[in-house]
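# Generate a structure from the sequence data that follows.
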Amino acid sequence: MLGFRLDLGPDEDRTFVGVDFFKIFQEVYLRIEDPRVSNIVRFSDAVGELKVEAAAAIKDGKRILFQFDRAAFSFKFLPFKVPYPVPFRLLGDEAKGWLDTTYLSHSGNIRISRGNKGSTFVLQKMIEPRQRLLSAISVGTGVKEMIDELISLNLVKAKPETLEGEWQLLWASKSENESWSSVAANGLKGLQIIKNGRLENLVDLLPGLHACTHGSLSKTSVDEMYTVHMNDGAVRLGALEFPLNVKVNIVMELLYIDNKIRVTRCNKDSILIHLRLNKPELA
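Residues are numbered from 1 along each chain as shown. As a prediction, this is how the structure comes out:
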């Protein structure tokens, strides 16, 4: 799926939509059973949008053929869609068209297309806040700003079982003077596995040197707040295993979670970002 925002010059924008408060998008779904191209006019977050859809096909690798076949208004204040009163089936060839992609940036974020009626469109790909956060982590800048943006957009109210699974730590805010045992207890620099109210942190301290800590996870009476009691662990060096005395209580606040990523705050200090891997069994 490709979601692009249509960028027009100031005068053209007002001519096309009539007012300055409209946003125009184009969605392209080509790798699905029912390939489609949709043009979307979004009035505002409070009002809703008009979506005009077309069946699509690819010709010669770069030309998209389309035929409009349905359209509807989606208003925020109505629980149902309102059909757009255009008889596409009666329009014949007038409902058909094509788009040629004349330029696509190396990153894939900018696309220039030419339509069958001679119009040229410059479109900028819409990148989800989650993807912008992952990009910020990869380059090492702007991570905290992207966290704030992600949290402000959506906080998924999660049940305890939503947390279950294997999570790979992607990023952690810096904390000064942390001991290696504290690093292991807080699950920094490794995997975190949550299942049936139990929590396990697996941390690679050095090549061949691993730490494993165990504890319990329980929901508090406050929304999105959890208490973690880490009560035992071990350090492993090859086949050798040494008990690790871990007695740590952690207050964990769930800031954001979806099916791929999780953002938490521990003890009102450290921010952790985890990527969901799978749902294995705890040892």
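
# Let me know the next secondary structure element after the lowest-mean-pLDDT helix or strand in the chain.
Between all helices and strands in the chain, the lowest mean by mean pLDDT, DSSP states H and E belongs to helix 10-17, at a mean of 33. Later in the chain than helix 10-17, the nearest helix or strand by DSSP states H and E is strand 23-29.

# Which elements pack onto that next one?
On a contact count with 3 or more C-beta pairs under 8 Å, 6 or more residues apart in numbering; DSSP states H and E, strand 23-29 meets strand 2-7, strand 36-44. To be clear about C-beta, it is placed using only N, CA and C from the backbone, and glycine gets the same treatment.

# worst average pLDDT in those?
Note on the helices and strands packed on strand 23-29: lowest mean pLDDT is at strand 2-7, with a mean of 45.

# Now do the helices for the protein: every range, in order, please.
Secondary structure of the chain (DSSP state H): helices located at 10-17, 88-91, 129-139, 143-153, 180-185.

# and these, which one's lowest on average pLDDT?
helix 10-17 (a mean of 33).

# Give the bridge partners for residue 210, please.
On the basis of DSSP bridges, residue 210 is bridged to residue 204, residue 236.

# OK, contacts around it?
Each residue near residue 210 by C-beta atoms under 8 Å, 6 or more residues apart in numbering is listed here: 202, 203, 204, 235, 236, 237.

# can we see that at 7 Å?
The contact partners of residue 210, taken as C-beta atoms under 7 Å, 6 or more residues apart in numbering, are 202, 203, 204, 236.

# from those residues, which is closest to residue 148?
Using C-beta to C-beta, residue 203 comes nearest to residue 148 of the contacts of residue 210, at 27.5 Å.

# Chain neighbours aside, what residue packs nearest to the closest one?
residue 190 (3.8 Å; C-beta to C-beta, 6 or more residues apart in numbering).

# how close does that neighbour get to residue 101?
43 Å (C-beta to C-beta, to the nearest Å).

# same check, this time on residue 65
13 Å.

# same check, this time on residue 191
Separation of residue 191 from residue 101 (C-beta to C-beta) stands at 41 Å.

# Equivalent analysis for residue 213, please.
Residue 213 is 52 Å from residue 101, by C-beta to C-beta.

# Looking at those two, which one has more neighbours?
Each of residue 213 and residue 101 has its neighbours counted (other C-beta atoms under 10 Å); residue 213 has more, 26 against 15.

# from memory that one sits against residue 246, does it?
Yes. The pair residue 213 / residue 246 is scored as a contact, 5.1 Å apart, by C-beta atoms under 7 Å.

# Show me what the residue in the chain sticking out farthest from the centre is bridged to.
Taking C-alpha atoms, centre = their mean as the measure, the residue most remote from the mean C-alpha position of the chain is residue 240, 40.9 Å away. Per DSSP bridges, the residues bridged to residue 240 are residue 237.

# That's all I had, so thanks and see you.
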